[in-house]
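Enquirer: what would the 3D arrangement of this be:
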Amino acid sequence: MPDRRAGQAPARQGDLFAPPPRQPVTPPEPPPVAPELWTRLAGSRFRARFHLGKAEHAYLASRGMAEVMAHAATFITTRLAPAHPARDGRQTPWRGHPVFIAQHATGTCCRGCVAKWHAIPAGQPLDAGQQAYLLAVIREWLRRDQARTAPESPGPARR
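Expert: As a prediction, this is how the structure comes out:
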């Protein structure tokens, strides 16, 4: 029989029917973006013409890459991940957000382009790994275009 001295509570047994504690879910590591993709995209006159404008640069600078990529994740999940997205081929606007421009520049704008440029077949939902890969492509393109068209630092004042 346990000794119940003053000030000591008896040891409690855990609930045998309680669900096990939840382990934190870590998102899958996106596969690296192959350098050949950038070469292929640069070879496409259509894809190579897309670049961020002043408004998109300002938006990216004011919101930050993390928030813009959160928007990208929402766009990918709602507009691209379903097996048969609504208005497929027309679901990504041409302007209005840095991610929209990046999607057209990287071939992540519709399921047909994703199949052609990234070899992810249409007609089936995108899994978490495929979505992470597409987000990595968009992030890298934004980073590259931001560095390519970075606003020049002001030179010495002219008199």
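
Enquirer: off-centre distance for stretch 44-60?
Expert: 17 Å (CA atoms, centre = their mean, to the nearest Å).

Enquirer: stretch 67-81 now?
Expert: 6 Å.

Enquirer: next one: stretch 126-135
Expert: Between the centre of stretch 126-135 and the centre of its chain there are 8 Å (CA atoms, centre = their mean).

Enquirer: give me the nearest residue to residue 32, chain neighbours excluded.
Expert: Among residues not flanking residue 32 along the chain, residue 136 sits closest, at 7.7 Å (CB to CB, 6 or more residues apart in numbering). Using the backbone N, CA and C atoms, a C-beta is placed for each residue, glycine as well.

Enquirer: gap between that neighbour and residue 57?
Expert: 21 Å (CB to CB, to the nearest Å).

Enquirer: where's the residue nearest to residue 32, which helix or strand?
Expert: Per DSSP states H and E: residue 136 is located in helix 128-148.

Enquirer: same question, residue 114
Expert: Element membership for residue 114 (DSSP H and E) is helix 111-118.

Enquirer: residue 124: neighbour count?
Expert: Residue 124 is flanked by 12 other residues according to other CB atoms under 10 Å.

Enquirer: middle-most residue in the chain, spatially?
Expert: Nearest to the mean C-alpha position of the chain, by CA atoms, centre = their mean, lies residue 135 at 2.8 Å.

Enquirer: that one contacts residue 72, correct?
Expert: Yes. Judged on CB atoms under 8 Å, residue 135 makes contact with residue 72 at a distance of 5.7 Å.

Enquirer: hmm, back to that, tilt between the helix holding residue 136 and helix 111-118?
Expert: 80 degrees (axes from the mean of the first three to the mean of the last three CA atoms, to 10 degrees).
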